[in-house]
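J.: Predicted model follows, preceded by the sequence.
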Amino acid sequence: MGLPRFGPPNPKAVMGDDGTTKKTNPIISSPNLYVANCGPAVGLSHDAIAAVFASFGHVQGVYAADDSGARVVVCYDNESCAAAALAALHGRSCPQLAGRTLHIRYSVLQPSPTTVHSSSIQVCLSASETSIPGLYLVPDFVTPREEQELLAAVDARPWISLAKRRVQHYGYQFCYQTRNVNTKQHLGELPSFVSPVLERVSSFPNLNDAADVSLDQLTVNEYPPGVGLSPHIDTHSAFEGLIFSLSLAGPCIMEFRRYAQGAWFPKAGSSIDTESENPENCTNFSRRAIYLPPRSMLLLSGEARLAWHHYIPHHKIDIVNDNVIKRSARRVSFTLRKVRTGPCQCQFPQYCDSQR
Ligand SMILES: O=C(O)CCC(=O)C(=O)O
Ligand SMILES: [Fe+2]
């Protein structure tokens, strides 16, 4: 989710009379403590941390300070509890927390709703648990051997480097500025290494008889750990109603957001690579998350494809319920879609660029 919402207070820089920059005293009191070297990534659950800090007063909550999983903010009701905890625990090895030495400072910012949600969202292990109409997940869609073959095939072809991840496009080039494809530039048939996947897609469960699975565009994405995708809906006018995404090499969490009508829509020309379009300040949305294991195939159709933003958090670890799951050296996804030739006439005009 990008930058920390709250952290250690930096001394405030002020301009001195002589024109030089001076630093004022750091914050000397706050009910919130920033605690480093402590968190799920180092094997300490938020509950275990809360239990230790509760010896000094009522703990309102323990929150992830950032995406590292190893820094938290502990919030008390009042400053005296925080002062007592800081005096007792800072710089010492804490036997109740696996002997780790905690580095504690005051933190002044309150947790934002986004941060609280981010650490508390329940991650579903199946699509039906999300209750998002049109979302389906098939685990083990390809075998480990097929996974290796697919990875070897793409690694033998040239990658295009974007700012944070690498991509390959087949069938049609995807343009990240317009979030669309140039239908006049056909790059050719999809490569033969993807044929077994396409064959299996045509008998994907949950597809109705009228479903058009003549997919003709493939985007391969390679994400290093800590890299995700900002929330977006694949442009309605660019692609038809079925979007398949095969996960290979590593897992991730995919989050879904259904914004209230008109609450947020990305600006034309903005990129899904950056967090700049992340509607952090918009809290008016429903939120679900699903765990995508390697070799699983996700299908976005109907409402899931047309009305829900999908999002891959920019995390190095994912908390799946009580488990800490490390992103592996890379996740490679194959997104398979059919390029649309006419305007979209869907039932979700508020999310539809063809109907604006
Ligand atoms: O990596 C994925 O599974 C999703 C990719 C995606 O959403 C996209 O390319 O539009
Ligand atoms: Fe997408």
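T.: In hand now; what should we look at? Ligands and ions are numbered 1, 2, ... in the order given.

J.: do stretch 317-333 and ligand 1 meet?
T.: Yes: judged by Cβ under 6 Å from any ligand atom, stretch 317-333 comes into contact with ligand 1 through residue 333. Placement of C-beta: from N, CA and C, glycine included.

J.: Give the rounded mean pLDDT of that stretch.
T.: Mean per-residue pLDDT for stretch 317-333: 89.

J.: Likewise for stretch 247-267?
T.: Rounded mean pLDDT across stretch 247-267 is 79.

J.: Could you do stretch 66-82 as well?
T.: 83.

J.: Look up phi and psi at the residue of the chain found nearest ligand 1.
T.: When scored by Cβ to the nearest ligand atom, the chain has residue 333 as its residue closest to ligand 1, at 3.3 Å. Here is the backbone geometry of residue 333 (degrees, to the nearest 10): phi -120, psi 150.

J.: can I assume it is in contact with residue 244?
T.: No: contact between residue 333 and residue 244 fails when scored by Cβ atoms under 8 Å: they sit 10.0 Å apart.

J.: Show me what from the stretch 1-150 of the chain comes close to ligand 1.
T.: So the stretch 1-150 of the chain never meets ligand 1 (Cβ under 6 Å from any ligand atom).

J.: For the residue nearest to residue 125 when sequence neighbours are not counted, give me its contacts.
T.: The shortest distance from residue 125 to any non-neighbouring residue, by Cβ to Cβ, 6 or more residues apart in numbering, is to residue 291 (5.6 Å). By Cβ atoms under 8 Å, 6 or more residues apart in numbering, residue 291 lies in contact with 123, 124, 125, 251, 253, 318, 320, 325.

J.: For ChimeraX, what selects the buried ones among those?
T.: Buried subset of these, written as a ChimeraX selection, criterion 16 or more other Cβ atoms under 10 Å:
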select :123,124,251,253,318,320,325
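
J.: is it fair to say residue 145 lies in a helix?
T.: Yes: remark: residue 145 belongs to a helix, assigned using DSSP: H, G, I helix; E, B strand; the rest coil.

J.: Which residue, other than its chain neighbours, is closest to the residue nearest to the spatial centre of the chain?
T.: Nearest residue to the geometric centre of the chain (Cα atoms, centre = their mean): residue 313, 1.4 Å. Once flanking residues are discounted, residue 313 sits nearest to residue 228: 5.1 Å by Cβ to Cβ, 6+ apart.

J.: Just to check, that neighbour is in contact with residue 310?
T.: No: Residue 228 is beyond contact range of residue 310, at 10.4 Å (criterion: Cβ under 8 Å).

J.: The stretch 51-200 of the chain: helices as residue ranges?
T.: Ranges of helices within the stretch 51-200 of the chain are 79-89, 113-120, 127-130, 144-155, 195-202, based on DSSP state H, counting those that start in this stretch.

J.: Low-confidence stretches in the stretch 151-300 of the chain?
T.: By pLDDT under 70, the low-scoring segments of the stretch 151-300 of the chain are 261-283.

J.: and the helix or strand hosting residue 289, is it in reach of ligand 1?
T.: Counting by DSSP states H and E, the element that carries residue 289 is strand 285-292. No: Strand 285-292 does not reach ligand 1 (Cβ under 6 Å from any ligand atom); its nearest approach is 6.9 Å.

J.: partner strands of that strand, parallel or antiparallel?
T.: strand 123-124 (parallel), strand 252-259 (antiparallel) (DSSP bridges).

J.: In TSV, list those strands along with distance to residue 200.
T.: Converted to TSV, these look like this (distance: least, Cβ to Cβ, whole Å):
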stretch	distance to residue 200
strand 123-124	23
strand 252-259	21
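
J.: from those strands, which stretch is densest packed?
T.: Among those, the stretch with the highest mean neighbour count (mean count of other Cβ atoms under 10 Å) is strand 252-259, at a mean of 22.

J.: do that strand and ligand 1 meet at all?
T.: No: judged by Cβ under 6 Å from any ligand atom, strand 252-259 and ligand 1 are separated, with a smallest distance of 6.6 Å.

J.: what's around residue 37, how many residues?
T.: 16 (other Cβ atoms under 10 Å).

J.: make that residue 356, sorry
T.: There are 11 residues near residue 356, going by other Cβ under 10 Å.

J.: can you list the domains in the chain?
T.: Domain assignment for the chain by automatic domain parsing gives 13-118, 121-355.

J.: which residues touch residue 171?
T.: 186, 187, 188, 189, 190, 216, 217, 218, 339.

J.: Excluding covalently adjacent residues, which one is nearest to residue 33?
T.: Using Cβ to Cβ, 6+ apart, the nearest residue to residue 33 is residue 74, at 4.7 Å.

J.: Give the bridge partners for the one you found, please.
T.: With DSSP bridges as the rule, residue 74 is bridged to residue 33, residue 62.

J.: Touching, residue 179 and residue 233? I think so.
T.: No: checked against Cβ under 8 Å, the pair residue 179 and residue 233 is beyond contact range at 9.4 Å.

J.: Name the surrounding residues that touch the helix or strand following the strand holding residue 289.
T.: Going down the chain from strand 285-292, the next helix or strand is strand 297-300, by DSSP H and E. Strand 297-300 is contacted from outside by 127, 134-138, 141-142, 201, 204, 206-207, 234, 242-247, 254, 290, 292, 308, 310, using Cβ under 8 Å, 6+ apart.
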